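In: Got a sequence here, can you build the structure:
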Amino acid sequence: MGTIRLMHAKLHRVRVTETNVDYVGSISIDADLLDKVGLLPLEEVDIVNLNNGQRWSTYVLPAIPGSRQICPNGGAALLCTPGDLLIVYAYEACDREVILMSGPPSQNPGCCRK
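Out: Sure, this is the predicted structure:
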């Protein structure tokens, strides 16, 4: 039946603390926040800026634990300003048939992992 992409991690309404246009790509996020939602270093994420509607994809870099840092880097730094609110989310490929039979990962944690 194939695979389906389902959201597996989300940081909702996190506030941009700084931007760094001189760094090539990525978004730096407090490592504690990454751990809380299950995002991994270098994992691809999609981002929505709630202040201006901009959307982009990039990868995650862990920032200092406890720093609360949210820092879009490179070109993404031009899409935000400090204080903007972002949604950061990641997907996981799951077997469609397993999801139809056992429910989404929120109801059946680990169902996408082989």
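In: can you give me the strands in this protein?
Out: Taking DSSP state E as the test, the strands found in the chain are 3-15, 27-30, 44-49, 55-63, 70-72, 85-95.
In: who's in contact with the shortest one?
Out: In this case it means strand 70-72. If you take Cβ atoms under 8 Å, 6 or more residues apart in numbering as the criterion, strand 70-72 is touched by 14-20, 27-30, 47, 58, 63, 79-80, 86. (Each C-beta comes from the backbone N, C-alpha and C, glycine too.)
In: and what of the first one?
Out: Residues lying outside strand 3-15 but in contact with it, judged by Cβ under 8 Å, 6+ apart, are 29, 33, 37-39, 50, 70, 83-96, 99, 104-105, 112.
In: Show the buried residues in the residues you listed.
Out: 29, 33, 39, 70, 84, 86-92, 94-95, 99, 104-105, 112 (16 or more other Cβ atoms under 10 Å).
In: Would you state the predicted confidence (pLDDT) at residue 101?
Out: On pLDDT, residue 101 comes in at 82.
In: Repeat that for residue 104.
Out: pLDDT recorded at residue 104 is 70.
In: got it, and residue 108?
Out: Looking at residue 108, the pLDDT reads 66.
In: does residue 30 have beta-bridge partners, and which?
Out: Assessed by DSSP bridges, residue 30 has beta-bridge partners residue 63.
In: what residue ranges in the protein score low on pLDDT?
Out: 1, 105-111, 113-114 (pLDDT under 70).
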